[in-house]
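Undergrad: Kindly return the folded structure for what I paste below:
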Amino acid sequence: MNPIDRRQFLRSASLAAGGLVTAASRWPILAQSAGDRPPRSPETAVLNPRGRVPVSLIIDDSTCLVNMAHFAIPQFAEVFPDRYRQDWRRMPREIPDAFVRRFGEWSRTQGVKGKYSMVPYPSCVGWLDRDLPGWSRRELIQSLDLVRSLLASHWDFHPEMISHTWVINTRTGRPYEERTDRFMENWRWTDGKSADELADYLAYALRILERAGIPCEGITTPGGFGNRVLPELAQATLESCRAVFRAEIPHYFRHVFTDNQSVAPRVEYASGLDSSDPRCVVSIVGCTGDWFGGWDGLEIGSADQFLASDAQRGRMADVIRRGEPAIMVCHWPGLYCHGAETGFHILQEVVRRMEPLSSGVLWMKLSEIARYWTARELTRIQWQGRQLRLRAPFACPGFTVRVKAASLAPPAIQTDGALSPMRQVQRIRDLAPGTWLAEEDATILCFDLPKGPSAVVFPA
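TA: The predicted structure is shown next:
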């Protein structure tokens, strides 16, 4: 990527955002069904929220207290002795709450958002809704309280299956006796499983977190879980998240692409868009490898792999320029790095390097990205006279559209018969809900989209 002016960089990203609906509607590698789509006026294009590119961080292999790398490696080695030779005994058994607090306070100060896994039965050590042998009940309760109170505002919580290691018999709550890759969550157990079988397994994990007081709107798959049954995985996520948490827009993290494939979210199995019970599930796609500290805290990466010091080069710069959500991927043991916190320091440097781009990007949780892409794909948008009529199956804050109509007077949002005039701004970076921006032959509108019918009214 050739170096360009920062303003050009952000402008190109905002312009690229207008073409994402087409890109997101392609299904080059996934077998899932997109489901229903509403009619859309060709004079309109849905842009990124507030004209900015979403950025986010996915944290895998996290939970309360347990260092997943320490406990998982000997279990993986039981099946693959030649592949897992790390000296796990020298790794700390715990990632302390003091680190959770430092990380949570930093992310809140910096506005960093994303997804934080809460493995329900981490490496079969113990249950988050009951006990963790090796820690007192009081320590577990304090750890859960810290996660809920400190992280919930900026982080979604996902189960990463049940144990992240051995498959659990949901009738007995115990691992199956067979010790092969066919009974490890990361490998072949899901092969040939139906959507109902997967939904039963996902719901078991979700109920543990429900009892532990951890809210969830989505799930994360460990390793190869579900990789050969993608349609069934999507349907199982939809059913289990709705059944256990009544999630309005379930989402899941399964894929990471670091090549030229689109990393725009996939809105799947949409149905009932005009009914009282619209349904869909969203596949969230990561765009980087774990270039912080690896899954075990032993594979140290570099901030340069994410973003160069000039904020113009690197994987994040490439994806942001395309206008697609730039979602980094890491693992909790790889941020902690056995107490050295090297991965965390790399993350802090990446976020510092993103500061010149701050006016053109928007930190969002995965659930917020899923909601926006759902509104983007499933909202009916049509012209009627001088009104842009919308019908949304789901509400969405900061909904942003470009219409091929110049407006010399302030447009207004009409909801439930009431008109709310919009305020004009002069730059894309100043867009916020309730504002509009005039272009040479078009108008950009940003507003909080309500569920159901609404309209943008243009004055005569």
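Undergrad: count of neighbours near residue 409?
TA: Neighbour count for residue 409, taken as other CB atoms under 10 Å: 10. All C-beta atoms are positioned from the backbone trio N, CA, C, and that covers glycine.
Undergrad: do residue 314 as well
TA: Counted with other CB under 10 Å, the neighbours of residue 314 add up to 23.
Undergrad: Surely it and residue 301 touch.
TA: No: proximity of residue 314 to residue 301 does not meet the contact threshold set by CB atoms under 8 Å, at 11.7 Å.
Undergrad: which residues are contacting stretch 63-75?
TA: With CB atoms under 8 Å, 6 or more residues apart in numbering as the test, stretch 63-75 has contacts from 61-62, 84, 86, 88, 91-97, 117-120, 122-126, 128, 132, 135, 139-140, 143-144, 147, 164-166, 184, 295-297, 332-333, 336.
Undergrad: now the helices for the stretch 51-200 of the chain?
TA: 68-79, 97-110, 137-146, 195-211 (DSSP state H, counting those that start in this stretch).
Undergrad: Same question for the last one: list its buried residues.
TA: Using 16 or more other CB atoms under 10 Å as the test for burial, helix 195-211 gives 195, 197-210.
Undergrad: cool, and stretch 258-277?
TA: For stretch 258-277, the buried set under the neighbour-count rule, 16+ other CB under 10 Å, comprises 258, 262, 263, 264, 265, 266, 267, 268, 269, 270, 273.
Undergrad: Could you list which of those belong to strands?
TA: Applying DSSP state E to the buried residues of stretch 258-277, the entries found in strands are 266, 267, 268, 269, 270.
Undergrad: neighbours of the closest residue to the third one other than its chain neighbours, just the number please.
TA: Leaving aside its chain neighbours, residue 268 sits nearest to residue 32 (4.5 Å; criterion: CB to CB, 6 or more residues apart in numbering). Other residues lying near residue 32 total 18 when counted by other CB under 10 Å.
Undergrad: Could you do residue 144 as well?
TA: For residue 144, the count of nearby residues is 19 (other CB under 10 Å).
Undergrad: Give me the pLDDT value at it.
TA: In this prediction, residue 144 carries a pLDDT score of 98.
Undergrad: From residue 212, how far off is it?
TA: Distance, residue 144 to residue 212, using CB to CB, to the nearest Å: 6 Å.
Undergrad: Any regions of the protein where pLDDT drops low?
TA: For the chain, the stretches with pLDDT under 70 are 1-31, 407-408.
Undergrad: can you do 90?
TA: Using pLDDT under 90 as the threshold, the predicted model of the chain has low-confidence ranges 1-32, 40-43, 384-386, 404-410, 415-419, 440-441, 458-460.
Undergrad: what's the nearest residue to the spatially most central residue of it if we skip its chain neighbours?
TA: By CA atoms, centre = their mean, the mean C-alpha position of the chain lies nearest to residue 366, the distance being 2.5 Å. Nearest residue to residue 366, sequence neighbours excluded (CB to CB, 6+ apart): residue 115, at 4.6 Å.
Undergrad: so that neighbour bridges to which residues?
TA: On the basis of DSSP bridges, residue 115 takes part in beta bridges with residue 58, residue 156.
Undergrad: I'd say it and residue 159 touch.
TA: No: at 11.3 Å, residue 115 and residue 159 do not qualify as touching, with contact defined as CB under 8 Å.
Undergrad: of these two, who's got more company?
TA: Neighbours around residue 115 and residue 159, counted as other CB under 10 Å, are more numerous at residue 159. The numbers are 31 against 28.
Undergrad: Can you verify my assumption that residue 354 contacts residue 311?
TA: Yes: Residue 354 lies in contact with residue 311 (CB under 8 Å); the separation is 6.7 Å.
Undergrad: picking up where we left off before, can you turn the buried part of the contacts of stretch 63-75 into a PyMOL selection?
TA: The following PyMOL command selects only the buried members of the contacts of stretch 63-75, with burial defined by 16+ other CB under 10 Å:
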select buried, resi 61+62+84+86+88+91+94+95+97+117+118+119+120+122+123+124+125+126+128+132+135+139+140+143+144+147+164+165+166+184+295+296+297+332+333+336
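Undergrad: Among the contacts of stretch 63-75, name the ones in strands.
TA: residue 117.
Undergrad: Residue 404: which of the buried residues of helix 195-211 is nearest?
TA: Sorting those by distance to residue 404 puts residue 195 at the head of the list, at 41.9 Å, by CB to CB.
Undergrad: Next up, the contacts around that closest one.
TA: Contacts of residue 195 (CB under 8 Å, 6+ apart): 231, 232, 235, 236, 239.
Undergrad: In terms of helices and strands, where is the fourth one?
TA: Secondary structure here is read from DSSP states H and E; on that basis residue 236 sits in helix 230-245.
Undergrad: buried stuff in stretch 347-362?
TA: Across stretch 347-362, burial judged by 16+ other CB under 10 Å covers 347-351, 353-354, 357-362.
Undergrad: Could you do stretch 435-455 as well?
TA: Within stretch 435-455, the residues that count as buried by 16+ other CB under 10 Å are 435-437, 442-447, 449-450, 454-455.
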